[in-house]
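Undergrad: Show me the folded form of this:
(chains A and B)
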Amino acid sequence: MSIAITTQFICFTVLSLVVIIGALGVVLLESIVYSAFLLGGVFMSVAGLYLLLNASFVAAAQVLVYVGAVNVLIIFAIMLVNKKEDLKPINDIKSRRVISTSICFTLLSLLIRVDLTNVWSLSSPQNSIGEESTIRIGEHLFSDYLLPFEVASVLLLMAMIGAIVLARRDVMSKDISTGLPVDQELIEKSSEPLLTNKN
Amino acid sequence: MEYGLDLEYSFNEFLKGFGLSSDIAHIIWLPLPMLLVLVAAVVGVLVTVWLERKISAAAQQRIGPEYAGALGVLQPIADGLKLLVKEDIIPAKADGILFTAGPILVLVPVILSWLIIPFGQNLLISNVGIGIFLWIALSSIQPIGLLMSGYASNNKYSLLGGLRAAAQSISYEIPLALSVLAIVLMTNSLSTVDIVNQQSGAGILSWNIWRQPVGFIVFWICALAECERLPFDLPEAEEELVAGYQTEYAGMKFALFYLGSYINLILSALLVSILYLGGWGFPIPVELIAKFLNLPINAPFIQVFTASIGIVMTVLKAYLLVFIAILLRWTTPRVRIDQLLDLGWKFLLPISLANLLITAGLKLAFPQFFGG
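TA: Here you go, the predicted model:
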């Protein structure tokens, strides 16, 4: 085995272990903050797997979008809503668990079927384009994948407008969750007084 | 355009002369440029810290450090040694794992970004195809480290500082990426080497700063905001938040933040010089000088000359920008957090978007000036 192949094998093993253990941690850990940080680790390792597959542009996009935007946003939301609150016990927890388990297993069997039926071997290793892939992705986005690309952008625009309407304080005069009149001051100002009055 | 020193090739050939296989030679070669860049980054930080102390002293009519070495040049080393031997404290109520991982996550992406900084045609660690995009992606990891250390400190000032840092870095990343995109549009490539080569046609006249003046200013403002330098140092505003996410840190963990912020400043300055100021290019094209001296461009003397000129020019331009950043820090007041976010979202974002559209239009209208 040459050095390059050995390195690749070691990298693949480490990355896949991190992905599997990290993903299990995201689901099983009690602390939501740890879950969110582990999710970032999982995203990073997936980007590493893309790098091993010679898809450097996809890897960088994965880091930029999933780690830099999605994961930061999740952590941000968790930390802004830093409420210590006991969760109410759910009555029909057992039937819910059965349903979610069956859905997960259906998805898993679908993935396994794809894995077994697809032909994975490339026609020849020389067909990989490597650094050219950025140009190729651009060409595809503006020719045969133009419609999905545009539809996705419209979807994002709708989400953005919705978020702005929800967040703007002059659109809604009442807080949605509490029903209290909305504070029109600085965002950073706490809605409850920090220091209670002494008298 | 393939000229200039190729040290890797010569080094590998040299080792093969001793009967080593090319694989082994490659493995021996690999750590060398990485170590070199790490040392360069740390030395750069020492120089910048010294400059910061001296320039701030001059701005405030003080003398600044003067006993540690001539003109106080050893002062940064003394600072570093002090931080190195200080006790490493983890607050009792803090989250130990996240508290330790935070500073590492802040520093590592910054150092990794040095991968794409070229000091000459072949004088960079790796000419990856996605070049500048790699830096944009890597710099988006940093807010996670800041949020992590802000949360783990278990201190409200730290948490607020971490949240501010993340908000600031998300808002300024977008205009930053858009102004880089305008450059990429003109170059037809993401690689930093191609970006510099595209500006090397007519010396100082072909630098991107003349074709992208708006992009240059937007990029510089955003780079300062990403580095959390003073007009935008809200995350660690001492009067409001003690020291933001760094409040609970001491010793080497604090030093990691310190190193990270200064390495990031130098990195940003280097990137501005690569994207807008012609990178390693001399104001007069080296080809002209070679022609004037009647020497072929591939002569060994000229090659060593161009390589050293390239390194000197890159560092010189970067330190000029570092000087401006330090001067800005000690002469401008801090903005408020709402002013900061307003500037990012309502001013820089539309301007950089318009800049991108105008660049695209100019590229179609004048392909010979704005890259065909």
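Undergrad: Distance-wise, check B:V184 relative to B:R211.
TA: As for B:V184, its distance to B:R211 is 13 Å (criterion: Cβ to Cβ, to the nearest Å). To be clear about C-beta, it is placed using only N, CA and C from the backbone, and glycine gets the same treatment.
Undergrad: for B:I221, same thing?
TA: Separation of B:I221 from B:R211 (Cβ to Cβ) stands at 19 Å.
Undergrad: How about B:G150?
TA: When distance is defined by Cβ to Cβ, B:G150 is 40 Å away from B:R211.
Undergrad: Please say which of those two ends up with more neighbours.
TA: With other Cβ atoms under 10 Å in any protein chain shown as the criterion, B:G150 and B:R211 differ in neighbour count, and B:G150 comes out ahead with 31 against 20.
Undergrad: ranges for the strands of chain A?
TA: Defined through DSSP state E, the strands belonging to chain A form an empty list.
Undergrad: so where's it uncertain?
TA: A:1, A:82-87, A:122-130, A:169-199 (pLDDT under 70).
Undergrad: Please repeat the previous calculation with a cut-off of 50.
TA: Low-confidence regions of chain A, defined here as pLDDT under 50, cover residues A:186, A:194-195, A:198-199.
Undergrad: Can you tell me which residues in it are near chain B?
TA: If contacts are counted using Cβ under 8 Å from any Cβ of the partner chain, the residues of chain A sitting beside chain B are A:2-4, A:33, A:37, A:40, A:44, A:56-57, A:60-61, A:63-64, A:67-69, A:71-72, A:75-76, A:79-80, A:82, A:130-132, A:134, A:186-188.
Undergrad: Filter the residues you listed down to the buried ones, PyMOL style.
TA: PyMOL command restricting these to the buried ones, with burial defined by 16 or more other Cβ atoms under 10 Å in any protein chain shown:
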select buried, chain A and resi 33+37+40+44+56+57+60+61+63+64+67+68+71+72+75+76+79+134
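Undergrad: so who does the residue in chain A positioned nearest to chain B touch?
TA: Using Cβ to the nearest Cβ, the single residue of chain A nearest to chain B is A:G68, 2.5 Å away. Shown here is A:G68, whose contacts under the criterion Cβ atoms under 8 Å, 6 or more residues apart in numbering or on different chains are B:A137, B:S140, B:I141, B:P143, B:E173.
Undergrad: and which of those residues is nearest chain A?
TA: Closest to chain A out of those is B:S140 (2.5 Å), distances taken as Cβ to the nearest Cβ.
Undergrad: excluding its backbone neighbours, what's nearest the closest one?
TA: Using Cβ to Cβ, 6 or more residues apart in numbering or on different chains and skipping the chain neighbours, the partner closest in space to B:S140 is A:G68 (2.5 Å).
Undergrad: what does A:V67 give?
TA: Nearest in space to A:V67, with sequence neighbours left out and distances taken as Cβ to Cβ, 6+ apart, is A:F43 at 4.9 Å.
Undergrad: Neighbours of B:L46, how many?
TA: Residues within reach of B:L46, counting by other Cβ under 10 Å, total 17.
Undergrad: Now do the strand or helix carrying it: which elements does it pack against?
TA: Here B:L46, judged by DSSP states H and E, is contained in helix B:31-59. Under the contact definition 3 or more Cβ pairs under 8 Å, 6 or more residues apart in numbering or on different chains; DSSP states H and E, helix B:31-59 sits against helix B:75-85, helix B:251-275, helix B:300-331.
Undergrad: The shortest one: which residues count as buried?
TA: This means helix B:75-85. Neighbour-count burial for helix B:75-85, with 16+ other Cβ under 10 Å as criterion, is recorded at B:Q75, B:P76, B:D79, B:G80, B:L83.
Undergrad: and which of those is nearest chain A?
TA: Minimum separation from chain A among the buried residues of helix B:75-85 (Cβ to the nearest Cβ) is found for B:L83, which lies at 26.2 Å.
Undergrad: before we move on, back to that, turn the buried residues of helix B:75-85 into CSV, including pLDDT.
TA: Output for the buried residues of helix B:75-85, formatted as CSV (pLDDT from 0 to 100):
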residue, pLDDT
B:Q75, 83
B:P76, 84
B:D79, 84
B:G80, 83
B:L83, 85
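Undergrad: Out of these, which are close to chain A?
TA: Here nothing survives when the buried residues of helix B:75-85 are matched to chain A using Cβ under 8 Å from any Cβ.
Undergrad: which non-adjacent residue is nearest A:L39?
TA: With Cβ to Cβ, 6+ apart, the residue lying closest to A:L39 is A:V26, at 5.1 Å.
Undergrad: what's that neighbour in contact with, if anything?
TA: Contacts for A:V26 (Cβ under 8 Å, 6+ apart) come out as A:S35, A:L38, A:L39, A:V42.
Undergrad: Count residues in the vicinity of the last one, would you?
TA: For A:V42, the tally of surrounding residues (other Cβ under 10 Å) stands at 21.
Undergrad: Could you do the second one as well?
TA: A count of nearby residues for A:L38, using other Cβ under 10 Å, gives 21.
Undergrad: what sits against it?
TA: Residues in contact with A:L38, defined by Cβ under 8 Å, 6+ apart, are A:G22, A:G25, A:V26, A:L29.
Undergrad: Quickly note the distance from it to A:I20.
TA: A:L38 sits 12 Å away from A:I20 when distances are taken as Cβ to Cβ.
Undergrad: Count the residues that sit near A:C104.
TA: The criterion is other Cβ under 10 Å. On that basis, A:C104 has 10 neighbouring residues.
Undergrad: Please disregard the earlier target; I meant B:G281.
TA: The number of residues packed around B:G281, counting by other Cβ under 10 Å, is 26.
Undergrad: Is it in contact with B:M313, as I believe?
TA: Yes. Look at B:G281 against B:M313 with Cβ atoms under 8 Å: they come within range, at 6.6 Å.
Undergrad: ok, B:V73 to B:V47 distance?
TA: Using Cβ to Cβ, one gets 9 Å for the distance from B:V73 to B:V47.
Undergrad: Fine by me, we can end here.
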